[in-house]
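**Q** I need the structure of the sequence given here:
(chains A and B)
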2 protein chains.
Amino acid sequence: MNFLILAVGTRNSIVRYFRRAFEGVGTVIASDVSELSSAIYDADKFYIVPPISDSRYIDFILGICVREKIDGVLSLIDPELSLLAENEEKFKDVGTTVIGSSYELCETSLDKIQLFHWLIDRGYNSPRSWIDKRAFYKAVESGDAAYPVFMKPRRGSASIGVSKVDDRDTLELLFAHDNNLMIQEFLNGQEIGADVYVDMISGEVVSIFTKKKIKMRAGETDKSVSFKDPTLFSLIEKFVTEAGYRGQIDIDLFDVKGKYYIVEVNPRFGGGYPHAYECGCDHTKMILENLRGNTNRKVVGDYDEGVYMMKYSEVKIVPERT
Amino acid sequence: MNFLILAVGTRNSIVRYFRRAFEGVGTVIASDVSELSSAIYDADKFYIVPPISDSRYIDFILGICVREKIDGVLSLIDPELSLLAENEEKFKDVGTTVIGSSYELCETSLDKIQLFHWLIDRGYNSPRSWIDKRAFYKAVESGDAAYPVFMKPRRGSASIGVSKVDDRDTLELLFAHDNNLMIQEFLNGQEIGADVYVDMISGEVVSIFTKKKIKMRAGETDKSVSFKDPTLFSLIEKFVTEAGYRGQIDIDLFDVKGKYYIVEVNPRFGGGYPHAYECGCDHTKMILENLRGNTNRKVVGDYDEGVYMMKYSEVKIVPERT
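**A** Predicted coordinates:
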């Protein structure tokens, strides 16, 4: 039983978690475009691969799957999720299961405007979003919207390119520099992250871990605290099942005075997943079970509340390769 | 022989390096304002302290020094460097040596405009800087300056609040939102970091580690590669000696077509120090030697070239305290 993790970048913990799950079972192989990816050095073996924009990319990855007898594959970066889903059959043909959601669902999830419409149409709460600035100005004039707002790339992950905007001048300036931005209502509430595993065989939501993200004075540092709320678990289960996600998902939400808003969905392991894992939500073992042909039993909420996670940096040192 | 590290925040590696140096010799104690500092949990013992703006702060720290029989103390954050230097005598009275530079030098270093003038007056290269936007516009009109430029807080560390600005409109907008900014010439060259140790007893520059900072496509990730250049070592030695720094310093430079520019100086352990340490430049042991009353011998350049450092995140998990 061998596993391939694509585009590992600096996600060392994820690679190590998979290695722990596959210990004595098989090898964990990592790939990245760069030898300066810290996480490749934590895998049993790694491949340096062409960029995903390269037309030979999929064949290159399929080649690795054949050579290394890979049973399961997933990617850690957004742009690759749809690509893997699109080529699911080719992977199946070489005996490799793509751990992830369908092509259509990946595409909808990664386009924040599409996701917003999907959610609103089905009665979920989601922060109001505009791609047309004139529509937004009208909403401001009629008192339906107000500053501050967020400006975000319509497609895009992490917080890259996200600005909090207080006035029309700044909004105009940002649009002038980048017209792929969208405007999103600023919600004044508690930011929440959910790490969810949907069984690849049964399609059932088998694990949900929820945490409050803790804002810090100095900015960047990522800290969170685990909590549980049956209402939130039900909402997540309903949403994830209705949308039809599969495998690992990361959901960003807001709690505004007890009302939950769905903000973003990344159909992959999110950067904050180590918190879930360290609290006992081991989704890497669930993936292994699925690859073995076994369904996982439902363990939603099977973790401790009030456990704090604090990120810090560690370094990987590699001598020059000759 | 006991050591106290103040404001450890998320600097887990530094705390661990000191513990390694002081193993079998004494204890390493850490402090922070917050229990959500990941690095306090890596020390032998920690204290949660008032913010440095609190009038009782210094007495609180002196109290720790007495109680824990602290021989040496340093801080990892800029705003505290001058404060420690200012109270050096009080620390000496309780038997604690402040590892750091003089009050005046800390103040000059942390004010980018003051440092710029200090450097230029003594013939060092440094990117041209303006606090008066009209003076900058005049320089642009006369062809002496050009966009893009950096806008940075005059005092401030990391890259918090730093923007690359392409036009006057954006510059005006940024100044309108924050008038503590300064304009700095954009240098098109190789960014360099230097980790330097100046012996606290002899005042001699005993260790210099230099690395090229590697720019990445995706942004944030911090990667660097070690290198050596005798010309750069001489420049650093001359500058550091002329200024009179003591203890650990972190210097940011640019190499523009073989000409070195000094951009910033942080008279403390910088965020990239783990690269130096992992390459064998152990400045924590040098501090221990100084506290023992021994001078360190000069080992400038005693490390391998072409060694890459890649940062990644690790998590610290702490259950709720009751």
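
**Q** Now for the closest residue to A:Gly280 other than its chain neighbours: which residues touch it?
**A** In space, and not counting its chain neighbours, A:Gly280 is closest to A:Tyr303: 5.1 Å by Cβ to Cβ, 6 or more residues apart in numbering or on different chains. Quick note: C-beta positions are derived from backbone N, CA and C, even for glycine. Counting by Cβ atoms under 8 Å, 6 or more residues apart in numbering or on different chains, A:Tyr303 touches A:Phe209, A:Ser226, A:Lys228, A:Ala276, A:Cys279, A:Gly280, A:Cys281.

**Q** rerun that using 6 Å as the cut-off
**A** A:Phe209, A:Cys279, A:Gly280, A:Cys281 (Cβ atoms under 6 Å, 6 or more residues apart in numbering or on different chains).

**Q** just A:Leu288 next, same as before
**A** Contacts of A:Leu288 (Cβ under 6 Å, 6+ apart): A:Ala21.

**Q** Name the helix or strand for it, please.
**A** Applying DSSP states H and E as the criterion places A:Leu288 in helix A:283-291.

**Q** that older thread, now the residue nearest to A:Gly280: how far from chain B?
**A** Here the criterion is Cβ to the nearest Cβ, to the nearest Å. By it, A:Tyr303 lies 11 Å from chain B.

**Q** Could you check how far that residue is from A:Ile208?
**A** 9 Å (Cβ to Cβ, to the nearest Å).

**Q** And A:Tyr261, by the same measure?
**A** Per Cβ to Cβ, A:Tyr261 is found 17 Å from A:Ile208.

**Q** Look at these two and report which has more neighbours.
**A** A:Ile208 (27 against 19; other Cβ atoms under 10 Å in any protein chain shown).

**Q** helices or strands next to the helix or strand hosting that one in the packing?
**A** Assessed by DSSP H and E, A:Ile208 sits inside strand A:205-214. Where contact means 3 or more Cβ pairs under 6 Å, 6 or more residues apart in numbering or on different chains; DSSP states H and E, strand A:205-214 is packed against strand A:190-198, strand A:223-227, helix A:230-243.

**Q** Apply 8 Å and report the result again.
**A** Under the contact criterion of 3 or more Cβ pairs under 8 Å, 6 or more residues apart in numbering or on different chains; DSSP states H and E, strand A:205-214 touches strand A:190-198, strand A:223-227, helix A:230-243, helix A:273-278, helix A:283-291.

**Q** if we can go back for a sec, can you name the next helix or strand after the helix holding A:Leu288?
**A** Toward the C-terminus, helix A:283-291 is succeeded by strand A:307-319 as the next helix or strand (DSSP H and E).

**Q** Can you give the strand pairings for that following strand, parallel or anti for each?
**A** strand A:223-227 (antiparallel), strand B:307-319 (antiparallel) (DSSP bridges).

**Q** Report the rounded mean pLDDT for the last one.
**A** What that stands for is strand B:307-319. Mean pLDDT, computed over strand B:307-319, is 93.

**Q** which parts of it are buried?
**A** B:Val307, B:Tyr308, B:Met309, B:Met310, B:Lys311, B:Tyr312, B:Ser313, B:Glu314, B:Val315, B:Lys316, B:Ile317, B:Val318 (16 or more other Cβ atoms under 10 Å in any protein chain shown).

**Q** try stretch A:195-204
**A** A:Asp195, A:Val196, A:Tyr197, A:Val198, A:Asp199, A:Met200, A:Glu204.

**Q** for those residues, which one is nearest B:Gly123?
**A** B:Gly123 lies nearest to A:Asp195 out of these, by Cβ to Cβ, at 56.3 Å.

**Q** show me what contacts the nearest residue to A:Leu119 once chain neighbours are set aside?
**A** Distances taken as Cβ to Cβ, 6+ apart place A:Ser126 nearest to A:Leu119, at 4.2 Å, with adjacent residues excluded. Counting by Cβ under 8 Å, 6+ apart, A:Ser126 touches A:Leu115, A:Phe116, A:Leu119, A:Ile120, A:Tyr261, A:Ile262, A:Val263.

**Q** now the helices and strands packed on strand A:205-214 in a markdown table, with distance to B:Thr295 and mean pLDDT?
**A** Below are the helices and strands packed on strand A:205-214 laid out as a markdown table (distance: least, Cβ to Cβ, whole Å; pLDDT from 0 to 100):
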| stretch | distance to B:Thr295 | mean pLDDT |
| --- | --- | --- |
| strand A:190-198 | 51 | 96 |
| strand A:223-227 | 41 | 95 |
| helix A:230-243 | 61 | 98 |
| helix A:273-278 | 44 | 96 |
| helix A:283-291 | 52 | 98 |
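
**Q** mind putting the ones you listed in a markdown table, distance to B:Leu187 included?
**A** Output for those, formatted as a markdown table (distance: least, Cβ to Cβ, whole Å):
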| stretch | distance to B:Leu187 |
| --- | --- |
| strand A:190-198 | 37 |
| strand A:223-227 | 35 |
| helix A:230-243 | 49 |
| helix A:273-278 | 37 |
| helix A:283-291 | 45 |
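
**Q** wait, which of the ones you listed is closest to B:Arg168?
**A** strand A:190-198 (36.0 Å).

**Q** Run through who's touching that closest one.
**A** Strand A:190-198 is contacted by residues A:204-213, A:215, A:224, A:232, A:236, A:240, A:245-255, A:260, A:269-270, A:272-273, A:275-276, A:281, A:283, A:286, A:296 when judged by Cβ under 8 Å, 6+ apart.

**Q** ok, now with 7 Å
**A** A:205-213, A:224, A:236, A:240, A:245-255, A:270, A:272-273, A:276, A:281, A:283, A:286 (Cβ atoms under 7 Å, 6 or more residues apart in numbering or on different chains).

**Q** Kindly report the same for stretch A:257-272.
**A** Contacts of stretch A:257-272 with the rest of the structure, by Cβ under 7 Å, 6+ apart, involve A:14, A:75-76, A:78, A:81, A:100-101, A:105-106, A:109, A:112, A:115, A:119, A:124-127, A:157, A:187, A:193, A:195, A:222, A:224, A:232, A:235, A:239, A:245, A:248-254.

**Q** helix/strand/coil for A:Tyr147?
**A** coil (DSSP: H, G, I helix; E, B strand; the rest coil).

**Q** go on, A:Tyr260?
**A** Under three-state DSSP, A:Tyr260 comes out as strand.

**Q** Report the beta-bridge partner residues of it.
**A** Residues in beta-bridge contact with A:Tyr260 (DSSP bridges): A:Asp255.

**Q** now do the one 5 residues further on
**A** Here A:Val265 sits in beta bridges with A:Ile251, as judged by DSSP bridges.

**Q** how much space between it and chain B?
**A** Applying Cβ to the nearest Cβ to A:Val265 and chain B gives a distance of 21 Å.

**Q** for A:Asp59, same thing?
**A** According to Cβ to the nearest Cβ, A:Asp59 stands 23 Å off from chain B.

**Q** can you check A:Phe91 too?
**A** Distance, A:Phe91 to chain B, by Cβ to the nearest Cβ: 26 Å.

**Q** Which parts of the stretch 51-200 of chain A are strands?
**A** A:70-75, A:97-98, A:129-130, A:149-153, A:163-165, A:181-185, A:190-198 (DSSP state E, counting those that start in this stretch).

**Q** Contacts for the fourth one, please.
**A** So that's strand A:149-153. Here strand A:149-153 has contacts from A:112, A:161-165, A:171, A:174, A:180-186, using Cβ under 7 Å, 6+ apart.

**Q** One more pass at 8 Å, please.
**A** In contact with strand A:149-153 (Cβ under 8 Å, 6+ apart) are residues A:112, A:127, A:136, A:160-165, A:171, A:174-175, A:178, A:180-186.

**Q** Helix, strand, or coil at A:Gln248?
**A** Counting by three-state DSSP, the backbone at A:Gln248 sits in strand.

**Q** Please work out how many residues are found near it.
**A** A:Gln248 has 27 neighbouring residues, counting by other Cβ under 10 Å.
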